[in-house]
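> Just to be clear, the model below is a prediction. Sequence and coordinates:
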Amino acid sequence: MKYPALLLLASLGCSPSLDLQAAETIEVATPAEPEKTLLTPSQLDELLAPIALYPDPLVAIILPAATFPTDVVMAARYLKAGGDPEGIDDQSWDDSVKALARYPDVVKWMDENLAWTQQVGAAFVVQPAAV
């Protein structure tokens with residue numbers, strides 16, 4: 001028997017063809033928007049405490065990069081695998097993450113503390129002036 005799967009489908013009364021009408025009505029789930037809960041000043045202070053003593057130019061890179069946590073993870077993997085620093089600009093990451101990749105220890109920490117990275121990114125999107 002050359003086509004046992006087709007015979008099985010035929011014996012079950014199934015058709016191997018796609019139901020195109022059903023395929024057209026499938027809804028694609030969209031990613032959820034970041035949570036729009038505003039943090040209090042004390043909550044922001046607590047959230048941002050790990051980077052409070054970093055130089056302002058580095059913080060200015062960390063904040064927008066935190067809005068791309070997947071890119072931060074990919075940058076961490078790239079650096080951990082010994083990726084060529086000269087090849088950072090050739091990656092498909094957001095420019096803020098490319099700039100952050102020049103600070104491997106920070107990328108590693110943000111990757112290891114991904115929940116924090118996501119929280120900072122969400123806070124920066126929702127209340128950038130307060131952050």
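Cool, the structure landed.
> just to confirm, which helix or strand has the closest residue to residue 52 other than its chain neighbours in it?
Of all residues not flanking residue 52 in the chain, residue 45 sits nearest, at 7.9 Å (CB to CB, 6 or more residues apart in numbering). Where you see a C-beta, it was placed from the backbone N, CA and C, and this is true even at glycine. Using DSSP states H and E, residue 45 sits within helix 41-48.
> same thing with residue 60?
Here residue 60 is assigned to helix 56-65, by DSSP H and E.
> Does that helix pack against any helices or strands, and if so which?
Packing partners of helix 56-65 (3 or more CB pairs under 8 Å, 6 or more residues apart in numbering; DSSP states H and E): helix 95-100, helix 104-112, helix 114-126.
> Quick check: which of those helices is nearest to residue 57?
Closest approach to residue 57 among these (CB to CB): helix 95-100, 9.8 Å.
> Counting neighbours, which bits of the closest one end up buried?
Burial within helix 95-100, assessed by neighbour count using 16 or more other CB atoms under 10 Å, is assigned to 96-100.
> residue ranges with poor pLDDT in this protein?
For the chain, the stretches flagged by pLDDT under 70 are 1-35.
> Extract the CA atoms of the helix or strand following the helix holding residue 60 and return them as CSV.
Under the assignment DSSP H and E, the closest C-terminal helix or strand after helix 56-65 is helix 69-80. The C-alpha trace of helix 69-80 is given here as CSV (Å, rounded to 0.1, in the frame of the first residue of the first chain):
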residue,chain,number,x,y,z
PRO,A,69,12.3,42.0,25.6
THR,A,70,12.5,39.4,22.8
ASP,A,71,15.3,41.3,21.2
VAL,A,72,17.1,41.5,24.5
VAL,A,73,16.9,37.7,24.9
MET,A,74,18.1,37.2,21.3
ALA,A,75,21.0,39.7,22.0
ALA,A,76,21.9,37.8,25.2
ARG,A,77,22.0,34.5,23.2
TYR,A,78,24.1,36.0,20.5
LEU,A,79,26.6,37.4,23.0
LYS,A,80,26.6,34.2,25.1
